[in-house]
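[1] I'd like to go over a predicted model; first the sequence, then the structure.
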Amino acid sequence: MIKILLVEDDPDILDLTSYVLRRERFVVTEATDGAQALRRWKTDRPDLVIMDLGLPGLDGFEVLRRIREEDQTPILIITGRKDAHDILRAFNLGTDDFVPKPFEFRELIARVRAILRRTQAAHAETVEPSVQLDGLTLDPVPYEVTWRNESVRLTPTEFRILYLLVTNAGHVVPASRLYTYVWGSDGADANALRSHISHLRRKLEIGGSSPGTISSIPAVGYIFRSAERADAAAMSGPMSAASREAGSAA
């Protein structure tokens, strides 16, 4: 049975949403504030968290941040907030998807099932091999990334984006391929991909250095370029003006 933790402080929305989820044969645990949500998440370890952002006490952002510090439980945000900065912040903190209020329950259930399909498919797939590139290591089993022995904490979605880009380092990966690889046949919108890419770029800046760059190729996709290989190519390129002058003088 699929366990869902539903976090909502509006009693009417909580009751109706719980009813709809249970009708779809999900096991639902409820929480009405942030502190209660964290306690129940730790106790029940649900397969999915559906959470409002405007919670009393600890708000949804803080709950999301604390869950992501410990685990990669899929999280779906439902919110009445329309500010693009709030939505971007939620993605940056690691949410897997969001549904704006008011929403149709058909859409909510469709998004829940899409997240669960991706999660279950990831577990069912043949495990992809670890990847190493110039000091950067990606291990698909625990979604672990290390750069020069420093750990980089990524969400499963961020990991899969980076994994596909790194395994194709130096080559442009079409956005359509990223959508299919990361989100499956359900696809995703360009804003979600840009948000995840933006967050990846910030997370890969460690101690003043980065394993490489993720560049956007307009109307095509994205490319990952290893920093060490770029430096090596620059050093092996044409001699500097000073070197040429020294050679001429000799």
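    Thanks, I have the structure now. Numbering: from 1, shown residues only.
[2] so which helix or strand takes in residue 66?
    Following DSSP states H and E, one finds residue 66 within helix 60-70.
[3] List the buried residues of that helix.
    For helix 60-70, a neighbour-count test (16 or more other Cβ atoms under 10 Å) marks 60-64, 66-68 as buried. Backbone N, C-alpha and C define where each C-beta goes, glycine included.
[4] for residue 181, what are its contacts?
    Applying Cβ atoms under 8 Å, 6 or more residues apart in numbering, we find residue 181 in contact with 160, 164.
[5] Let me have the buried residues of helix 60-70 in a markdown table, adding pLDDT and distance to residue 167 as columns.
    Shown next, in a markdown table, are the buried residues of helix 60-70 (pLDDT from 0 to 100; distance: Cβ to Cβ, whole Å):
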| residue | pLDDT | distance to residue 167 |
| --- | --- | --- |
| 60 | 93 | 34 |
| 61 | 94 | 32 |
| 62 | 94 | 35 |
| 63 | 95 | 33 |
| 64 | 94 | 29 |
| 66 | 92 | 32 |
| 67 | 93 | 28 |
| 68 | 91 | 24 |
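[6] and of those, the nearest to residue 135?
    Closest approach to residue 135 among the buried residues of helix 60-70 (Cβ to Cβ): residue 68, at 24.8 Å.
[7] OK, contacts around the nearest residue to the closest one once chain neighbours are set aside?
    The shortest distance from residue 68 to any non-neighbouring residue, by Cβ to Cβ, 6 or more residues apart in numbering, is to residue 94 (4.1 Å). Neighbour list for residue 94: 64-65, 67-68, 72, 75, 155, 158 [criterion: Cβ under 8 Å, 6+ apart].
[8] circling back: who does the following helix or strand past the helix holding residue 66 touch, helix- and strand-wise?
    Per DSSP H and E, the first helix or strand lying C-terminal to helix 60-70 is strand 75-79. Counting by 3 or more Cβ pairs under 8 Å, 6 or more residues apart in numbering; DSSP states H and E, the packing neighbours recorded for strand 75-79 are strand 48-52, helix 60-70, helix 84-93, strand 97-100, helix 105-124.
[9] Tell me the one among the contacts of residue 94 nearest to residue 103.
    When the contacts of residue 94 are compared against residue 103 (criterion: Cβ to Cβ), the nearest one is residue 75, at 16.0 Å.
[10] Can you tell me what sits against the helix holding residue 66?
    By Cβ under 8 Å, 6+ apart, the list of residues contacting helix 60-70 from outside reads 7, 34, 37-38, 41, 49, 51-55, 58, 73, 75, 77, 79, 89-90, 93-95, 153, 155.
[11] and with 7 Å instead?
    For helix 60-70, the external contacting residues (Cβ atoms under 7 Å, 6 or more residues apart in numbering) are 34, 37-38, 41, 49, 51-55, 73, 75, 77, 89-90, 93-95, 155.
[12] That helix vs strand 48-52, what angle?
    Interaxial angle of helix 60-70 relative to strand 48-52 (axes from the mean of the first three to the mean of the last three Cα atoms, to 10 degrees): 160 degrees.
[13] Going along the chain, name the helices of this structure.
    Using DSSP state H, the helices assigned to the chain run over residues 11-23, 34-44, 60-70, 84-93, 105-124, 156-167, 175-183, 190-203, 227-235, 241-249.
[14] quick one on the thing from earlier: in PyMOL, how would I select the buried members of the contacts of helix 60-70?
    Burial among the contacts of helix 60-70 is assessed by 16+ other Cβ under 10 Å; the matching PyMOL selection reads:
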select buried, resi 34+37+38+41+49+51+52+53+55+73+75+77+89+90+93+94+95+155
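[15] Look up how far residue 74 lies from the residue lying closest to residue 10 once chain neighbours are set aside.
    Using Cβ to Cβ, 6+ apart and skipping the chain neighbours, the partner closest in space to residue 10 is residue 52 (7.5 Å). Residue 52 sits 16 Å away from residue 74, going by Cβ to Cβ, to the nearest Å.
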